[in-house]
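Trainee: fold the stuff below for me.
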Amino acid sequence: MSSSPPSPRLTQNRPGLFTLLEIMPVISVIAVLILIALTALRPMSNFETARNRVRLADLAHVGDGLAEYGRDENRAIFLLVPLSPSSIEICGDVRTGSCLHLLDLSPLLGAYIDEIPLDPKVTDPGSPHSRYFIQMTASDHFRLFAPDTEPSGVDPLEVIR
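Mentor: All right, here's what the predicted structure looks like:
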């Protein structure tokens with residue numbers, strides 16, 4: 001039996017065509033780059049969610065401290081909180097005494113709360129503005145809220161105690 005010579009089609013160079021072994025690594029690299037790009041865009045949403053969770057935890061912490069203080073001190077601090085729809089911002093800098101026109105929660109420090117929390121977006125820790133607000137509701141409860149909820153345009157986070 002004689003072997004037939006190889007077909008000219010198989011031995012002929014085919015310019016411009018790629019083999020599967022050449023195409024697969026390129027597709028794999030492109031897929032990895034797309035995955036990296038999509039992952040790089042997602043952290044912004046994750047950061048917004050994390051900051052909103054911090055805001056909600058801060059509001060709950062201050063709300064619990066206010067409730068405990070109100071029970072122990074016969075609700076004296078609530079006389080400083082305006083009725084809804086008006087609200088007052090909680091002072092974030094109680095050390096310097098720069099809480100003019102802000103609600104000073106320094107009586108709560110130590111026994112009821114460890115520190116006055118600041119909104120995660122507040123860049124100056126010495127700023128008197130905490131960006132957390134409080135108001136009394138008609139049902140004699142207080143409503144704490146954070147208007148800087150992310151993304152912008154979303155309803156503010158709130159805690160009612």
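Trainee: point to the residue nearest the middle of this structure.
Mentor: Centrality entry for the chain: nearest residue to the mean C-alpha point is residue 51, 1.8 Å, by CA atoms, centre = their mean.
Trainee: in stretch 143-156, what counts as buried?
Mentor: Across stretch 143-156, burial judged by 16 or more other CB atoms under 10 Å covers 143-150. The way it works is simple: take the backbone N, C-alpha and C, and place the C-beta from them, glycine included.
Trainee: how about low-confidence regions in the protein?
Mentor: Residue ranges of the chain with pLDDT under 70: 1-15, 75-76, 94, 97.
Trainee: any idea which helix or strand comes after the longest strand along the chain?
Mentor: In the chain, taking DSSP state E as the definition, the longest strand is strand 129-136. Proceeding N to C from strand 129-136, the next assigned helix or strand is strand 142-146, under DSSP states H and E.
Trainee: immediately after that next one, which helix or strand?
Mentor: From strand 142-146, the next helix or strand downstream (DSSP H and E) is strand 157-160.
Trainee: helices or strands next to that following strand in the packing?
Mentor: For strand 157-160, the contact count by 3 or more CB pairs under 8 Å, 6 or more residues apart in numbering; DSSP states H and E identifies helix 43-72, strand 142-146 as packing neighbours.
Trainee: any idea which of these gets closest to residue 105?
Mentor: With CB to CB as the measure, helix 43-72 is the member of the helices and strands packed on strand 157-160 nearest residue 105 (7.2 Å).
Trainee: my read: residue 117 touches residue 60, true?
Mentor: No. With contact defined as CB atoms under 8 Å, residue 117 does not count as touching residue 60 (10.2 Å).
Trainee: hang on, the earlier thing: which member of the buried residues of stretch 143-156 is positioned nearest residue 64?
Mentor: The shortest gap between residue 64 and any of those belongs to residue 144, at 10.2 Å (CB to CB).
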